[in-house]
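In: Could you work out the structure for the sequence below:
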Amino acid sequence: MARSHLAFIISSLLLLPLAFASIAAYGDISPEKKSKVAVEGMVYCQSCDNYGSWSLSKAEPIASATVSVICKNNKDQVSFYKAFETDGKGYFFAELEGLQMSNSLSDHPILSCRVKLVSSPLEKCNLLSNVNYGLYGSPLRYERKKLYRKDYEVEIFAAGPLAFRPAHCPAPTHY
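Out: Predicted structure coming up:
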């Protein structure tokens, strides 16, 4: 009886690699989708009525404004930097191609990346403001949005909205 158990165990051990080889081959049939990261947001020109506040009521979107996405590693060194331009409606969508993330929680984009204002094409509205931390870096927000592409999926984070402010605002009139 002991010999039959021994023979069964030995034959099982000999067949085990064949089982794993077929599982590995099956894994090659459908490649794993890669995950990428993107940031979206809006850039506005803040109304003179709201100068000195974070309010964006009466704000106008800025086409062709430039923002930057900056990510730092756990040693506070810049690990990713890229500038992006808004579309005709002031919206930016920034796929962070080349962003390297480790398994460390501190390297996760929601903790390590910020969006900053860079420049506005509008002569009348090109001063940086700190609305939603546009000067020092607006933190990313997770909003449970994904974009599904053919070979990968994109995890979308949000920042801002950010705003430039007018260089000259008329003095308020009090009646």
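
In: Give the closest residue to Glu40 in space, chain neighbours not counted.
Out: Sequence neighbours aside, Phe93 is the residue nearest to Glu40 in space, at 4.9 Å (criterion: Cβ to Cβ, 6 or more residues apart in numbering). The C-beta positions use only the backbone N, C-alpha and C, and glycine is treated the same way.

In: ugh, wrong one, Leu128
Out: Leu117 (5.1 Å).

In: And for that neighbour, the neighbour number?
Out: By other Cβ atoms under 10 Å, 27 other residues sit near Leu117.

In: what comes up buried for the host helix or strand of it?
Out: Element membership of Leu117 [criterion: DSSP states H and E] is strand 113-119. For strand 113-119, burial by neighbour count (16 or more other Cβ atoms under 10 Å) applies to Cys113, Arg114, Val115, Lys116, Leu117.

In: and what of stretch 132-151?
Out: By neighbour count with 16+ other Cβ under 10 Å, stretch 132-151 contains the buried residues Asn132, Tyr133, Gly134, Gly137, Ser138, Pro139, Leu140.

In: Go through these and name the one nearest Glu123.
Out: Gly134 (18.9 Å; Cβ to Cβ).

In: ok, now which ones touch that closest one?
Out: Val115, Lys116, Leu117, Leu128, Gly160, Leu162, Ala163 (Cβ atoms under 8 Å, 6 or more residues apart in numbering).

In: give the contact list for the first one.
Out: Meaning Val115. Applying Cβ under 8 Å, 6+ apart to Val115 gives the contacts 39, 41, 67-70, 94, 134, 137-138, 140, 159-160, 162.

In: switch to 7 Å and redo it
Out: Contact partners of Val115, counting by Cβ atoms under 7 Å, 6 or more residues apart in numbering, are Val39, Gly41, Val67, Val69, Gly137, Ser138, Ala159, Gly160, Leu162.
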